[in-house]
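Trainee: Take a look and give me a structure for this.
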Amino acid sequence: MASSSHLMVKREGGGGGGEKEEEEDETLEELEGFDDFTLASSWERFISEIEAVCRLWLVDGPRNLMEKSAEHVGSRKNLYKVKCELKHGIKLYCMEYYFKASRNGKAAHWDDDLHDLQLSFGVAEFLVIAPLSASGVVLDAPESSKLLSAVAIALSNCGSNWPAFVPVHDPSRKAYIGIQNMGTIFTRRFDGDRIGSQVPIRLMHLEGLYELFVSKFALYSVDFSTSCFKVHFTMKLTYRTPPYDYDDDIESEEREVKEPGRGTDGLNLVKTQWDDDCPWTEWYSAEDPVKGFELIAVWSSRMFEGSLEMAELENASSFDADKWLVYPIVSPNMLDDSVGKFVGFASQLHLLIGALDTSFEAQFLEDFLSAENPGSDNSKSSTAIPPPTVLDRVLKELFHDGIQGSDSVELENKYSRSIKGAPLDSLFAQFCLHSLWFGSCNIRAIAFLWIEFVREVRWCWEESQPLPRMSINSNIDLSTCLIHQKLQMLAICIRKKNLFNHQNCTENKDRNPSDSKVGFQVDLHKEPMDDKSNSYDSSLRSDWQHDPKQTGISLSMDPKNAMPSANLQPVDQVRRGSAGVVGSMMLLNSFQEMHAPYTQDAPIMTEDMHEERLHAVEAFGDAFVKLSGQLERDILSSDMSAFKAANPGAAFEDFIRWHSPRDWEDDEMEDKSRDDMSWPPHGKLSQRMSEHGNSWRQIWNDSPALPVSEQKVLLDPIREGEKVLHYLETLRPHQLLEQMVCTAFRASADTLNLTAYGDYKHMKTKLSQLYLTLASTLKPLQAKHWPNKAELIGDLKQLCLVFEHIEKLVILAASIHRKLLKAPRLSEAIFSDYFNFYLPKMGTCLASICYDKEFDTKQQVMVHERDAVGSLFPPPTANQSWRKVLSMGNLLNGHEPIVREIIFSVYDRVSSGHYGSNTPMTTTEEIETHRMYICGTSNDLRVALSVTSWD
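Mentor: All right, here's what the predicted structure looks like:
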């Protein structure tokens, strides 16, 4: 408006006022070019944005921030962060605020939960602002200073004491600059950098590092070697067990070969594995899950006044450290569920489940080997059959190298028998374990191995050779799978067939108790048969007291229970089939010594035979009950005939006294003090045995005096043996695989249960839980028909995953236990830490759980355990020494630390010294004026310095 009025004046007045108008124009131009400082610049707006964000974070506080958008920082339990993106010009920045969930005072120097900046500069909560770029650092020095100033101004406006950092230089240097406003008087500045190449020799030693720190606050003309400065010092040394050196093994083995008396064959050069004596080594060699140990030796805060003291500390033993901490370096494969990463029982059981799923596709095992049905898979490698050499080796290990089975169950888990499989040392269990590793455990390989296995079993039968790995007793364990029961039956039949083929004893020849090992069981005493229940109790007795609760054993097991008779010739008959004298018992009529006869075993039956009897009872009713009673009658008649042959002239009462002492009642009026050898004994038959028409007396009257060698056998071994072979040869594929799965799981668990891992309670509990899980999951396999095949196969595959977790933990427990055998408390504590770390991964879902955490929980080493931990660091060999130049000091058994961390600090009072002031102060508290964190080795050195100054 002013300029337009001037123009109007000019037009009205003409040219007389030209000079005056020019002066006014110049004045207007000056007025129009002024700077309006009420408008904010872009830099000021950037500071304002930072201030606004910081105010919001201050108002919310840690608790509200955690509920909103705070993130956990790595594996640190107590550290969180929030972040915000800011823009200045065309550049984007990211500002992050790091804070602790709980403020429990000042953190310890070497707290594992500290962030790298917290450890380096000794701060608690802090800000980091960095550009959003590929490098994430500020490469321009003026820009970094300007950026740090903006944050400092914003924090000052907020009244916050948060330290702020800006990453600078190259990212590999991990360099930072920072600032912290500590009120109106003090300012703390931070600077950190790293040397990534050869470190100067002076800075490899504690003496040089001490002088480096002192130079930051002392005058340059000071002689560090003679001057004294009270410097606080703390140090943390990290040692790592040396890696396994194969060259050293070869050298040691060559020395052993050169020693006199040692062979020079190639067997001496075979390297041993770490798990050579572990129970699973027969089937596979496991990777050692413990790759090593890291030992941390900590020297607590102490004060030094000269560099010479630092030199002495460098030569001190690490055993003098105030605290030792140790933790294992666990293989990453422990947490990797990828297929093929872990090879063990679990991986092979998974293949066996696949074979079970395929087994329903054919009626007979031979169908899988025929040309018309090569297999359901298109891949030839998945249905390949191993070469004959592998088959010969497996059969040789099963039959020719097999040991005689035993009944020992001392190492068996108490829940093992809840799984309907076969015992670990049995023939069928070993067949199942071999099948897991036979080829790729596909259905064709299993069918091929089973057919050859049955041929070997038939050869043992036809050649009357005992079956290897089978129990030597005459009982069938009905809690096992049916195939194992059939093999037990066949082993008994082979033994009985051998007995019948080689029995050449004459009737007049007395048998030595040691000859009874041919297989007949000597029943020294039997309980009575109740006519009402038609049951037969064949328990034995080892003594001759009238106590039915005491049971005996066969003479073949303990010859002391029967004594050879000195009077074997009765007056009018010949004694036959005697196993020995029965204590001091005498025959009632002839006053001859009573002899125990050899008796036949009661017929044994497998599970399917019992089921057939039950079905027959349901179908035929009373007719079958009479048939069953006839079997019991034949058994009793056989025992009576044998007793008559061994005791010529014996009466029915004699048989009752031996066979059923409960049915022989002593006279109540008998004098208790009467000599036991007085004759005749006062007593009578029980009421049921005295009844008219008693069935036992009738059987006694009808039974001829025949020893077992002349009696009709109760169990025909030829017929029963052929029935067993028929069952094995015609077994359906799915029936075989069902029993194989149950037995393979049980045998694999039993093998792992034999592992020596000390008294690890967590491991024992998990193994017991595994047996219960196996029993409940495998129980549907015993059913005749599966309600849902797909669901059951899925459950079995899920079971394999559970088994893999337990198998990994067992291997880990064995590795830790043997490495720390002399420190049982420490080894169990380390395993418990890893168990708790691994526990969230032990889910039951088939999908792999994302588990990217690293195990770094440390256990403190007690003073008495340091020698055991120190043994993990054997002195370096000559081969290791010349390859490694030692330069840092602080050696542990000749090994230098892989990382050395040091914190130097100096404190001063506010009211004196350089920090003295005329300003009146309410406190004379000491403050940390200088702090230096040093971390590195001979090839890497990081230094972080913080200095507090008075502004």
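Trainee: use CA for all of it now, contacts and neighbours both
Mentor: Will do.
Trainee: mind checking the longest strand of the chain?
Mentor: strand 290-304 (DSSP state E).
Trainee: just the strands in the stretch 51-200 of the chain please.
Mentor: 71-72, 79-88, 91-100, 126-131, 164-168, 175-182, 186-195 (DSSP state E, counting those that start in this stretch).
Trainee: returning to what we had before: restrict the helix or strand that the longest strand of the chain is followed by to CA atoms and write it as PDB.
Mentor: Note on strand 290-304: by DSSP states H and E, the next helix or strand toward the C-terminus is helix 307-314. Presented in PDB, the C-alpha positions along helix 307-314 are these (Å, rounded to 0.1, in the frame of the first residue of the first chain):
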ATOM      1  CA  SER A 307      52.100 -49.800  36.500                       C
ATOM      2  CA  LEU A 308      54.400 -52.300  38.300                       C
ATOM      3  CA  GLU A 309      51.500 -53.700  40.200                       C
ATOM      4  CA  MET A 310      49.700 -54.300  36.900                       C
ATOM      5  CA  ALA A 311      52.700 -56.200  35.600                       C
ATOM      6  CA  GLU A 312      52.500 -58.500  38.700                       C
ATOM      7  CA  LEU A 313      48.800 -59.100  38.100                       C
ATOM      8  CA  GLU A 314      49.500 -60.100  34.500                       C
END
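Trainee: ok, the residue lying closest to P289 once chain neighbours are set aside to L767 distance?
Mentor: Spatial nearest neighbour of P289, excluding adjacent residues (C-alpha to C-alpha, 6 or more residues apart in numbering): S331 at 4.9 Å. Relative to L767, S331 is positioned 22 Å away (criterion: C-alpha to C-alpha, to the nearest Å).
Trainee: Neighbour count: the two, which is higher?
Mentor: Between S331 and L767, L767 has the larger neighbour count (other C-alpha atoms under 10 Å), namely 23 against 15.
Trainee: Now do the helix or strand hosting that one: which elements does it pack against?
Mentor: In the assignment (DSSP H and E), L767 maps to helix 761-778. Judged by 3 or more C-alpha pairs under 8 Å, 6 or more residues apart in numbering; DSSP states H and E, helix 761-778 is in contact with helix 733-753, helix 789-819.
Trainee: okay, those in JSON lines with mean pLDDT and mean neighbour count next?
Mentor: Listed next are the helices and strands packed on helix 761-778 as JSON lines, based on pLDDT from 0 to 100; neighbours: other C-alpha atoms under 10 Å:
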{"stretch": "helix 733-753", "mean pLDDT": "96", "mean neighbour count": "23"}
{"stretch": "helix 789-819", "mean pLDDT": "94", "mean neighbour count": "20"}
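Trainee: Quick one, which of those gets closest to E44.
Mentor: helix 789-819 (58.6 Å; C-alpha to C-alpha).
Trainee: Can you tell me the centre-most residue of this protein?
Mentor: Geometric centre of the chain, nearest residue: L809, 1.2 Å, by C-alpha atoms, centre = their mean.
Trainee: What's the separation between L499 and A596?
Mentor: Applying C-alpha to C-alpha, the value for L499 to A596 is 20 Å.
Trainee: whoops, V394 was the one
Mentor: In terms of C-alpha to C-alpha, V394 sits 46 Å off from A596.
Trainee: what about these two, which has more around it?
Mentor: A596 (27 against 20).
Trainee: Could I get the average pLDDT for the helix or strand containing the more buried one?
Mentor: Per DSSP H and E: A596 is located in strand 593-597. In this model, strand 593-597 has an average pLDDT of 91.
Trainee: What is that strand packed up against?
Mentor: Using 3+ C-alpha pairs under 8 Å, 6+ apart, strand 593-597 sits against strand 578-586, helix 622-646.
Trainee: In CSV: the helices and strands packed on helix 761-778, plus distance to C54.
Mentor: Output for those, formatted as CSV (distance: least, C-alpha to C-alpha, whole Å):
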stretch, distance to C54
helix 733-753, 58
helix 789-819, 47
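Trainee: Relative to G159, which of the ones you listed is closest?
Mentor: Closest of the helices and strands packed on helix 761-778 to G159 is helix 789-819, at 53.0 Å (criterion: C-alpha to C-alpha).
Trainee: which stretches of the stretch 301-450 of the chain form strands?
Mentor: Using DSSP E, counting those that start in this stretch, the strands of the stretch 301-450 of the chain run over 323-330.
Trainee: and what of the stretch 801-950 of the chain?
Mentor: Counting by DSSP E, counting those that start in this stretch, the strands of the stretch 801-950 of the chain are 859-860, 899-909, 926-937, 940-950.
Trainee: Save those as TSV, and put in mean pLDDT too.
Mentor: Listed next are the strands of the stretch 801-950 of the chain as TSV, based on pLDDT from 0 to 100:
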stretch	mean pLDDT
strand 859-860	94
strand 899-909	90
strand 926-937	89
strand 940-950	90
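Trainee: could I get those as JSON lines with distance to S149 and mean neighbour count?
Mentor: Below are the strands of the stretch 801-950 of the chain laid out as JSON lines (distance: least, C-alpha to C-alpha, whole Å; neighbours: other C-alpha atoms under 10 Å):
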{"stretch": "strand 859-860", "distance to S149": "44", "mean neighbour count": "17"}
{"stretch": "strand 899-909", "distance to S149": "26", "mean neighbour count": "20"}
{"stretch": "strand 926-937", "distance to S149": "22", "mean neighbour count": "20"}
{"stretch": "strand 940-950", "distance to S149": "17", "mean neighbour count": "20"}
